[in-house]
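Novice: predicted model follows, preceded by the sequence.
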Amino acid sequence: MTEAARLRAAWAAVESLARDPRPDGSAPHSIRPLFAADPERFARLSRRAGDILLDLSKTAISEAVLAALLRLAEAAGVAPRRDAMARGEPVNATERRAALHLALRAPPEAGFRTGAEDAAAEVAEVLARMRDFCAAVHGGQALGATGERFTDVVNIGIGGSDLGPAMVTRALWTPAAPLRAHYLANVDAHAWEALRPRLDPARTLVLVASKTFTTQETMTNAALVRDWLRGAVGEGVGAHLAALSTNLRATAEFGIAPERVFPFRDWVGGRFSLWSAIGLSIALALGWDAFARLLAGARAMDEHHLSAPLDRNLPVLLALAEVWHVNGLGYPTRAVLPYDERLARLPAHLQQLEMESLGKRVLLDGSPAPHRTGPVVFGEPGTNAQHSFLQLIHQGTTPVPCDILLIARPDHPHADSHRKLLANGLAQAEALMRGKEAGQVRAEMQAAGADPAEIERLLPHRVFPGDRPTVTLLLPQLDPHTLGQLVALYEHKVATLGALWGINAFDQWGVELGKQLAGAILPELEAGAPRPGAHDGSTEGLMRAILRLGAG
Ligand SMILES: O=P(O)(O)OC[C@H]1O[C@](O)(CO)[C@@H](O)[C@@H]1O
């Protein structure tokens, strides 16, 4: 059999398991019969790596489905694609680049290279400079222009130059941390106007974080903030600025001294970059040790992913569950529900990581993808999500698989609150799977003394279909090391899905068209009139309406 034929056969096996009833007659999407048939299902379908326990048992993945999915992973070349990535090969084929974020969190002796480039040495050098800079800021050797110590760091960046670091500092910052961190992303200057009054320019350190150093939003905000700093501290503004970028010419043109530029290389993708110089705000805000432990956590997950067999490999299993849901059962969305307020920005980080990576419609060779690819990802922390969109997930027409993240031990003394939080997370997953049948609803309403006609009227509204899948991830506590493992787990899941679907998970051409068109519209707004015939009727009409309302 050729490779292509093997891959087609593997897909066909998964698809037929998703289409045809199981040998016991149960439907392929049903979960409850799997528990009824196998009291050991939790033990069989949960796996542990490092600090993370992954429970896949509340999905409709049967033993047969898991076996078929693992055969698909073999046929799609998941392990060789993973290894090519780790060898620094140009797995980002459309940009002819490596995707070597693994090198960012590896010790130098791991020896990561790409082509002739010694990635490990490069990383070690930048990390050492970042560590020294943090020590100087925290130790009071690097001061503001007026001799004050820094109390606040502002990271100006967007997308991958914002979401990862913002998510991590939101998760791990405590009042005992060395600096307060703020993240300015949107070109909407309301964001800056809301932040500005909270800052004292004399004590504010500003990081301009942009891989390309050309991103419109970041460069616009950087100019605004530099002017504000200059207005307050005059020509000493350089003491308040640093840049995190691959574009050393542009950082120099912006006026940032070379010793204040922390570089990284083009083999670091934006959405995989929080471990690079882009993570400097994390290290400044939380301390160097926390950043080092974050990297070590990610490295532990890398080692697991690189060495564990596919059937025990957490990122691979998570990716296979996604294939089952998206391609097998046809569920086009997924919700991420961290039952931890500190992980409030994790869904936003995963939205970029997953949707920018997997929102592709062609295979590596440019032919149309024969299968549906990346699902829509959204989420909110639990329990808040329960009071907003969980209704649809329980009773809507299309099942939405959920990732439920639980943290066993809190970092506060309120045990009762934490038990309630955990009880809710566990209960949602149980309720989604178990559902509530008509007989049970009827009995409950009868016991409450409801009128029989009223019972029959309300019955369909109060029935829960059940068999709605959840994947649970349990961490013992939230700290830099466990968070590093968790984020790296999702990164490797994304790369694995790239291999399974045969797409490039490392480019993002889809963001370009809007940027180009915005570049064309901007001068027309400045000139106060759309260029006749340059746009569709709607865009031109809206531009005229906006201009009439006084913008531009
Ligand atoms: O770091 P940069 O170059 O400013 O880019 C920011 C973000 O913009 C994107 O290129 C998308 O527009 C992301 O991939 C990236 O993370």
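Specialist: Received it, and whenever you're ready, just let me know what you need.

Novice: can you pull the pLDDT of the residue of the stretch 251-400 of the chain found nearest the ligand?
Specialist: Closest to the ligand within the stretch 251-400 of the chain is residue 270: 2.5 Å, counting by Cβ to the nearest ligand atom. Quick note: C-beta positions are derived from backbone N, CA and C, even for glycine. With respect to pLDDT, residue 270 scores 98.

Novice: quick check: phi and psi at the closest residue to it other than its chain neighbours.
Specialist: Nearest residue to residue 270 in three dimensions, chain neighbours excluded: residue 160, at 2.8 Å (Cβ to Cβ, 6 or more residues apart in numbering). Main-chain dihedrals, residue 160, degrees, to the nearest 10: phi -60, psi -20.

Novice: surely residue 160 and residue 275 touch.
Specialist: No. Residue 160 is not in contact with residue 275 according to Cβ atoms under 8 Å; the separation is 11.2 Å.

Novice: neighbour count for the two, which is higher?
Specialist: Taking neighbours as other Cβ atoms under 10 Å, residue 160 and residue 275 compare with residue 275 leading, 29 against 25.

Novice: got a list of what the residue lying closest to the more buried one once chain neighbours are set aside touches?
Specialist: Distances taken as Cβ to Cβ, 6+ apart place residue 104 nearest to residue 275, at 3.9 Å, with adjacent residues excluded. By Cβ atoms under 8 Å, 6 or more residues apart in numbering, the residues touching residue 104 are 123, 264, 268, 275-276, 295.

Novice: quick check: domain ranges of this protein?
Specialist: 3-76+308-434+468-501, 101-286, 510-550 (the TED database).

Novice: tell me how far the first one lies from the chain's centre.
Specialist: Relative to its chain's centre, domain 3-76+308-434+468-501 lies at 14 Å (Cα atoms, centre = their mean, to the nearest Å).

Novice: including distance to residue 441, could the domains of the chain go into TSV?
Specialist: Listed next are the domains of the chain as TSV, based on distance: least, Cβ to Cβ, whole Å:
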stretch	distance to residue 441
domain 3-76+308-434+468-501	12
domain 101-286	40
domain 510-550	45
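
Novice: so which of those domains gets nearest residue 82?
Specialist: domain 3-76+308-434+468-501 (6.8 Å; Cβ to Cβ).

Novice: tell me the mean pLDDT over that closest one?
Specialist: 98.

Novice: how long is it end to end?
Specialist: 15 Å (Cα to Cα, to the nearest Å).

Novice: pick out the residue nearest the middle of the chain.
Specialist: residue 350 (1.8 Å; Cα atoms, centre = their mean).

Novice: and it, what element?
Specialist: Here residue 350 is covered by helix 346-350, with elements defined by DSSP states H and E.

Novice: can you list the residues of the stretch 251-400 of the chain near the ligand?
Specialist: Residues of the stretch 251-400 of the chain lying close to the ligand (Cβ under 6 Å from any ligand atom) are 270-271, 356.

Novice: can you do 8 Å?
Specialist: For the stretch 251-400 of the chain, the residues in contact with the ligand (Cβ under 8 Å from any ligand atom) are 269-271, 273, 278, 352, 356.

Novice: cool, the stretch 51-200 of the chain as well?
Specialist: Residues of the stretch 51-200 of the chain lying near the ligand (Cβ under 8 Å from any ligand atom): 157-163.

Novice: could I get those residues as TSV with pLDDT and secondary structure?
Specialist: Below are these laid out as TSV (pLDDT from 0 to 100; DSSP: H, G, I helix; E, B strand; the rest coil):
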residue	pLDDT	secondary structure
157	98	coil
158	98	coil
159	98	helix
160	98	helix
161	98	helix
162	98	coil
163	98	helix
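
Novice: from the residues you listed, pick the one nearest residue 254.
Specialist: For those, the nearest to residue 254 is residue 157 (13.5 Å; Cβ to Cβ).

Novice: what residues are up against that closest one?
Specialist: So residue 157 contacts 165, 183, 185, 207-210, 215, 218, 244, 278 (Cβ under 8 Å, 6+ apart).

Novice: once you drop chain neighbours, what's closest to it?
Specialist: residue 209 (3.2 Å).

Novice: wait, the one you found sits on residue 246?
Specialist: No. The pair residue 209 and residue 246 does not pass the contact test of Cβ under 8 Å, sitting 11.2 Å apart.

Novice: which of the two has more residues huddled nearby?
Specialist: Neighbour count, other Cβ under 10 Å: between residue 209 and residue 246, residue 209 has more, with 33 against 19.

Novice: distance to residue 474 for the residues of the stretch 51-200 of the chain next to the ligand - can I get that in TSV?
Specialist: Listed next are these as TSV, based on distance: Cβ to Cβ, whole Å:
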residue	distance to residue 474
157	32
158	32
159	30
160	27
161	31
162	28
163	24
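
Novice: would you check which pair of the contacts of residue 157 lies furthest apart?
Specialist: 165 and 215 (15.3 Å).

Novice: more neighbours, the two?
Specialist: residue 165 (29 against 21).

Novice: quick check, that one in contact with residue 278.
Specialist: Yes. Between residue 165 and residue 278 there is a contact under Cβ under 8 Å: 6.4 Å.

Novice: between the two, which contacts overlap?
Specialist: With Cβ under 8 Å, 6+ apart as the test, residue 165 and residue 278 both reach 157, 209.

Novice: roughly how far apart are residue 540 and the ligand?
Specialist: Distance, residue 540 to the ligand, using Cβ to the nearest ligand atom, to the nearest Å: 25 Å.

Novice: and for that residue, nearest residue in space, chain neighbours not counted?
Specialist: In space, residue 540 is closest to residue 530, 4.7 Å off (Cβ to Cβ, 6+ apart).

Novice: next, count neighbours for the one you found.
Specialist: If we define neighbours as other Cβ under 10 Å, then residue 530 has 19 of them.

Novice: and it, how far from residue 187?
Specialist: 20 Å (Cβ to Cβ, to the nearest Å).
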